[in-house]
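> build me a structure from this.
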Amino acid sequence: MDSYEYQVTLPSKEAFYRLFESTGWNKEYRLNENQLHEALGRSWYMISAYHKDSLVGFGRILSDGVFHALIIDVIVLPEYQYKGIGSAIMNRLVEHCRSKNIRDIQLFCAKEKTAFYEKLGFVRRPDDAPGMEIKR
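Residues are numbered from 1 along each chain as shown. Have a look, this model is predicted:
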């Protein structure tokens, strides 16, 4: 069985860029390594998952540290999915929020991934719930 190391550290910009590119999200965002690295550096908390010194998973939280927390950028390389890495990342992120007594933990996720997050205790927001976005 493979073992994974979880670190509360900022991954290298090159490693994160490779991981981010694996999602296909950058077709829309068109961010470069430096922009992504700057964004990560402004996170409230993050978890990096490594296998044999290679970044294979990641997740981060944006938060005010008191009331609201938003979990974003949860990524596991496709060839490492279904090995418990995503769950381990999410459990660590949620536990950090709970340890700081955050009252509202929200999550950005793709519609096709909702079943994964529901298994971890998240619930879908009702269609009539507040929340909107602006896309550029």
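> now for the strand or helix carrying V56, which elements pack on it?
Using DSSP states H and E, the element containing V56 is strand 54-63. For strand 54-63, the packing partners by 3 or more C-beta pairs under 8 Å, 6 or more residues apart in numbering; DSSP states H and E come out as helix 13-21, strand 45-51, strand 68-76, helix 85-99. All C-beta spots, glycine's among them, are computed from the backbone N, C-alpha and C.
> again, only this time at 10 Å
Counting by 3 or more C-beta pairs under 10 Å, 6 or more residues apart in numbering; DSSP states H and E, the packing neighbours recorded for strand 54-63 are strand 5-7, helix 13-21, helix 33-41, strand 45-51, strand 68-76, helix 85-99, strand 104-107.
> go through the third one and flag the buried ones.
If I follow you right, that is helix 33-41. Neighbour-count burial for helix 33-41, counted by 16 or more other C-beta atoms under 10 Å, picks out 33, 36-37, 39-40.
> quick check: mean pLDDT across it?
Across helix 33-41, pLDDT averages out at 97.
> how about residues contacting stretch 2-10?
Contacting residues not belonging to stretch 2-10 are listed as 16, 37, 40-41, 43, 45-53, 55-57, 60, 80, 83-85, 88-89, 91-92, 96 [C-beta atoms under 10 Å, 6 or more residues apart in numbering].
> ok, the closest residue in space to G57 that isn't next to it in sequence to A69 distance?
Spatial nearest neighbour of G57, excluding adjacent residues (C-beta to C-beta, 6 or more residues apart in numbering): A49 at 3.4 Å. According to C-beta to C-beta, to the nearest Å, A49 stands 20 Å off from A69.
> again with F116
Taking C-beta to C-beta, one finds F116 at 19 Å from A69.
> ok, these two, which is more surrounded?
Per other C-beta atoms under 10 Å, whichever of F116 and A69 has more neighbours is A69, with 24 against 17.
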